[in-house]
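Enquirer: Quick one: sequence and predicted model below, then my questions.
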Amino acid sequence: MQNSLSSSVVFEGTGLHSGAPVRMVLRAAPANHGIWFHRTDIRIGDAMVPAIWDAVDRTPLCTRLVNNAGVSVSTVEHLMAALAGCGVHNALIEIDGPEVPILDGSAAPFVRGIMTQGVRAQAVPLWAIQVMKPVSVEKDGARATLLPADSLEIEFHIDFQDAAIGRQSKNLKMANGAFARELCDSRTFCRQSDVDLMHENGLALGGTLENAVVVDGDDVLSPGGFRHTDEAVRHKMLDALGDLALAGNPILGRYVGERSGHSLTNTLLRALFATPGAVRMVKCDTKTASDLPGYGLVWAEIPEVA
């Protein structure tokens, strides 16, 4: 069955890149609604922005959605990961600015907020996208691949010159609350040199050492250091789940990212849907549903990681 929110959830914070304050309200939505953003600060024209793969304006720093009228919402990936990780398929997201609040730089605050209010089942079948043949895309030494599998699995490999990060790899089956336990509290990360460059270009104005892990060579500049020794690759997996959630339905397949990012994952979705015979829609039975992200997630697991 499809799921929506049991009641509304409010989040307030600042945008990572704009630094502007923003208020966001997650509201329940009817079955087959999907995930939509409503820009409440837009008074004239189309203020509705769909959270779907072909509305993505591919950028390297975050995932940005744009409707046909040019209205946008950016940095949606952590929220989308939390919705997928909590098994929410239908929601209306009211937001009074162009960027989702960064909060602590992870998806944990979103997961806690959603699970505090709860998720309710809707008496409508849930359909999933089953990957039927391998599809892969590459750019500038990075690669993203989707392979056939019975449930969603994410494998990721990163390699950074900074010794504080270095080479990291992780593989995880995204079932039975694995997202909340393993990934949701992993924060976005960057190098100090990148921060300096972004600031020079008027970006990351809302970034702080409290909502991102900043490294400089061997050193971790953020207070308290990493939450996990491999927090960087865990966060890349979190991002991948959020970007894959823009497929519009849960994916049954194995995602492999090698130095991949937001733009390349969206390019992969575009290639997947453009490849004849690469996907089929399947109605989720009890067994299939039990292997989806969010199924079996209970509140007691969340404080362990968040």
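Expert: Looks like it arrived, so ask away.
Enquirer: Surely residue 146 is in contact with residue 265?
Expert: No: applying Cβ atoms under 8 Å, one finds residue 146 not in contact with residue 265, separated by 9.6 Å. The way it works is simple: take the backbone N, C-alpha and C, and place the C-beta from them, glycine included.
Enquirer: shared neighbours, these two?
Expert: residue 255 (Cβ atoms under 8 Å, 6 or more residues apart in numbering).
Enquirer: any idea how far the residue lying closest to residue 69 once chain neighbours are set aside is from residue 36?
Expert: Of all residues not flanking residue 69 in the chain, residue 46 sits nearest, at 4.1 Å (Cβ to Cβ, 6 or more residues apart in numbering). The spacing between residue 46 and residue 36, counted by Cβ to Cβ, to the nearest Å, is 11 Å.
Enquirer: do the same with residue 58
Expert: Using Cβ to Cβ, residue 58 is found at 20 Å from residue 36.
Enquirer: tell me the secondary structure for residue 84?
Expert: Secondary structure, DSSP: H, G, I helix; E, B strand; the rest coil: residue 84 is helix.
Enquirer: My read is that it contacts residue 239, right?
Expert: No: applying Cβ under 8 Å, one finds residue 84 not in contact with residue 239, separated by 11.8 Å.
Enquirer: Which residue, other than its chain neighbours, is closest to residue 188?
Expert: Closest residue to residue 188 apart from its sequence neighbours, by Cβ to Cβ, 6+ apart: residue 105 at 4.5 Å.
Enquirer: Quick check: which element contains that neighbour?
Expert: For residue 105, there is no host helix or strand (DSSP states H and E).
Enquirer: For it, give me phi and psi.
Expert: Here is the backbone geometry of residue 105 (degrees, to the nearest 10): phi 90, psi 0.
Enquirer: contacting residues for it?
Expert: 16, 78, 187, 188, 210, 211, 212, 213.
Enquirer: for the stretch 151-300 of the chain, what spans make up the strands?
Expert: 153-159, 167-173, 189-191, 213-216, 219-220, 251-258, 279-283 (DSSP state E, counting those that start in this stretch).
Enquirer: Tell me the strands beside the third one, with direction?
Expert: The reference is to strand 189-191. Applying DSSP bridges to the sheet, strand 189-191 is found paired with strand 213-216 (parallel).
Enquirer: Please apply the same query to the last one.
Expert: Applying DSSP bridges to the sheet, strand 279-283 is found paired with strand 127-131 (antiparallel).
Enquirer: when you compare where the strand it pairs with runs with where strand 251-258 runs, what's the angle?
Expert: 50 degrees (axes from the mean of the first three to the mean of the last three Cα atoms, to 10 degrees).
Enquirer: could you point out which element follows strand 127-131?
Expert: strand 135-139.
Enquirer: Pairing partners for that next one, with directions?
Expert: Under the rule (DSSP bridges), strand 135-139 has strand 142-148 (antiparallel) as partners.
Enquirer: What residues of the strand it pairs with count as buried?
Expert: 143, 144, 145, 146 (16 or more other Cβ atoms under 10 Å).
Enquirer: ditto for stretch 36-50
Expert: 36, 37, 38, 39, 42, 47, 49, 50.
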